[in-house]
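Asker: Can you look at this prediction? I've put the sequence above it.
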Amino acid sequence: MIERRTEDFVADQHMALVEAMQKVDDNSNGILFVTDENDRLCGTLSDGDIRRWIIRTGRLDAEICFAMNKNPKYVTVDDVQNPYSYMEAEKIRALPILDKDECIHAIVFANDKANHPVIKTESLRDIPVVIMAGGEGTRLYPYTKILPKPLIPVGDVPIMERIIEYFYRYGIKDYYVTVNYKKTMIRSYFSEVSRPYHIQYIEEGCPLGTAGSLSLIDKTFDAPFFLTNCDILIQADYEDIYNYHRKSGNVITMVTALKNDRIPYGVVYAKENGEVCRIEEKPRRSYFVNTGMYVINPQIIQMIPKDTFFHMTDLMAQVMQKGLKVGMYPVSEDSFLDMGELEELKRMEEKLDLKHQ
C-alpha cells in the first residue's frame, strides 16, 4: 500500500465549491473525502458530483456539503483485509480506512495496486469527430509562419495528433478535418505512416469560421458528433460528455471550463454621491469559459449558411433563438489545456509532462 499525504484528499464540509474544485485538480484523483467539525468522515465529493451540482443549480458559491455524496463507502482498521477486492466489487477508485472514532486513518487508491490493469474502451467507436484546423494561428506567430497550427508540436507530438489520440482511446476511428492554411503540410504529415484511424479532409476555399465549414461535409451523420478546435486538449471522460449530451435533450453541448481570476487591487463599492460602502481586497472571480469542444446533433448543420463566415457562437445564438436547448458540460480549470498562445503552449507541455511521470 502506497503512502500518500492524506490531507491532500480531505476537505472540511464548509469548504467553498470553487476551492474544492482546485483541490480535486491538485490531487489528480478526482475525489475528496469530506469531514465534519469533529474530523469524522461525512461524505465524498467527486468531480462528477461537482459537475452535476453546477449543471443543476448553476451555483459556484455553495459549500461542498450541499453537493457531496452523504453515503460514503469505507472500511475500518479492524475489518480491512483486501481493500482492492472491496474497491473492485463496489466499483470505486478510492477507499478511506477509518479509525474507531470514524476519522480517516488512511486512504487506498485503486491505481496503487501493482499491475493494476488499464481499461481500454471502444464505447464511442462509431462516433465521428470534426476537427477545425483551417485557421492561420496568428496568436502563435512566428511558429505558424513555418508550420500550420495543427502541426505545432506539444513536446514531440503535433497538437492535432494528440487530440486524435485522446479520442482514439474511446475507439473513435473516423475524423473529419477542415483545412485551409498550409493544408498540404497537414495532409503530408498524416499520410507519412499508416495509422489505425481514417482522416477525411474538408477544404475551405476561404476562411469560414469555427462552424461554417461544417456545411461542406458531404457525409450525413446519423448520431451526435464531436466538434473541436485544433489547439485545445480536454482531459476528461469523453464517454461521459457524450452520454450527458444524449440524455440532456441538448442540441448542442458546449464543454466549458472553470476560470479563477484574482483582481490584484482592492475593489471599491460606492453608493450615491460617491460614498464608499465597502472595500473588497483582491477579490477572486470565478466563471466558465467556452473551451472550443462541443457535441452537436447533426440536424442543425442545415442551419449553417453555405459559403459564409460563420462561428459556433453564431450557430448557438441561432439555435437558442429557435427555442432549442444549448447546454454546457463543465470541467475543471486544469482539465482545459489551450495552446492558442505561447505561454499557454508552455503550460500545456508542462501539464502533459506531469501526467506522464
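Answerer: Yep, that arrived.
Asker: residue ranges with poor pLDDT in this protein?
Answerer: Within the chain, the segments meeting pLDDT under 70 span 1-5, 80-81, 111-121, 137-144, 340-343, 353-357.
Asker: looking at it, residue 155 is touching residue 352, isn't it?
Answerer: Yes. Counting by C-beta atoms under 8 Å, residue 352 is a contact partner of residue 155 at 6.3 Å. (C-beta placed from N, C-alpha, C; glycine too.)
Asker: out of the two, which sits in the busier spot?
Answerer: Shown here are residue 155 and residue 352; by other C-beta atoms under 10 Å, residue 352 has more neighbours (16 against 12).
Asker: Name all residues that make contact with that one.
Answerer: Shown in contact with residue 352 (C-beta atoms under 8 Å, 6 or more residues apart in numbering): 154-155, 162, 233, 337.
Asker: does it belong to a helix or a strand, and which?
Answerer: Taking DSSP states H and E as the criterion, residue 352 maps to helix 342-355.
Asker: Please, where are all the helices along the stretch 51-200 of the chain?
Answerer: For the stretch 51-200 of the chain, the helices defined by DSSP state H, counting those that start in this stretch occupy 83-90, 143-146, 159-168, 183-191.
Asker: Any chance of TSV for these, columns distance to residue 288?
Answerer: Listed next are the helices of the stretch 51-200 of the chain as TSV, based on distance: least, C-beta to C-beta, whole Å:
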stretch	distance to residue 288
helix 83-90	32
helix 143-146	28
helix 159-168	21
helix 183-191	31
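Asker: taking the ones you listed together, which one is wrapped up most tightly?
Answerer: Mean neighbour count (mean count of other C-beta atoms under 10 Å) peaks for helix 159-168 among those, with a mean of 20.
Asker: Next, the angle from that helix to helix 183-191.
Answerer: For helix 159-168 against helix 183-191, the angle by axes from the mean of the first three to the mean of the last three C-alpha atoms, to 10 degrees is 50 degrees.
Asker: sorry, back to before: for residue 318, state which of the contacts of residue 352 is nearest.
Answerer: Proximity of the contacts of residue 352 to residue 318 (C-beta to C-beta) peaks at residue 233, which lies at 28.2 Å.
Asker: Identify the residues contacting the residue lying closest to that closest one once chain neighbours are set aside.
Answerer: Spatial nearest neighbour of residue 233, chain neighbours left out: residue 337 (4.3 Å); criterion: C-beta to C-beta, 6 or more residues apart in numbering. By C-beta under 8 Å, 6+ apart, the contact set of residue 337 is 232-235, 344, 347-348, 351-352.
Asker: and residue 337, that's in a helix?
Answerer: No. Assigned with DSSP: H, G, I helix; E, B strand; the rest coil, residue 337 falls outside any helix and is strand.
Asker: Going forward, count from 31.
Answerer: OK, 31 is where the count begins now, so the last one is residue 367.
Asker: That one and residue 112: what is the separation?
Answerer: Plainly put, residue 367 is 37 Å away from residue 112 if you go by C-beta to C-beta, to the nearest Å.
Asker: How about residues contacting whichever strand or helix holds residue 321?
Answerer: Here residue 321, judged by DSSP H and E, is contained in strand 314-326. For strand 314-326, the surrounding residues in contact (C-beta under 8 Å, 6+ apart) are 48, 90, 240, 254-259, 261-262, 264, 271-272, 275, 280-293, 342-343, 358-361, 366, 368.
Asker: can you give me the strands in the stretch 81-230 of the chain?
Answerer: Secondary structure of the stretch 81-230 of the chain (DSSP state E, counting those that start in this stretch): strands at 105-106, 124-128, 134-139, 159-163, 183-184, 187-188, 204-209, 228-233.
Asker: Partner strands of the fifth one and their direction?
Answerer: Strands that pair with strand 183-184, judged by DSSP bridges, come out as strand 187-188 (antiparallel).
Asker: what do you get for the second one?
Answerer: Based on DSSP bridges, the pairing partners of strand 124-128 within the sheet are strand 105-106 (parallel), strand 134-139 (antiparallel).
Asker: go on, the last one?
Answerer: Within its sheet, strand 228-233 is paired with strand 204-209 (parallel), according to DSSP bridges.
Asker: And the contacts of the partner strand?
Answerer: The contact list for strand 204-209 (C-beta under 8 Å, 6+ apart) reads 156, 158-164, 180, 190, 194, 197, 216-217, 227-234, 238, 243-244, 246-247, 249, 260.
Asker: The residue lying closest to residue 233 once chain neighbours are set aside: neighbouring residues, count only.
Answerer: Excluding the flanking residues, the one nearest residue 233 by C-beta to C-beta, 6+ apart is residue 209, at 5.8 Å. Around residue 209 there are 23 other residues, counting by other C-beta under 10 Å.
Asker: The strand holding residue 321 pairs with which strands?
Answerer: strand 255-259 (antiparallel), strand 282-292 (antiparallel).
Asker: List the buried residues for it?
Answerer: Judged by neighbour count (16 or more other C-beta atoms under 10 Å), strand 314-326 contains these buried residues: 316, 318, 320-326.
Asker: cool, and stretch 56-73?
Answerer: Within stretch 56-73, the residues that count as buried by 16+ other C-beta under 10 Å are 57, 59-65, 71-73.
Asker: just checking, which of those belong to strands?
Answerer: By the criterion of DSSP state E, membership of the buried residues of stretch 56-73 in strands covers 61-65, 71-73.
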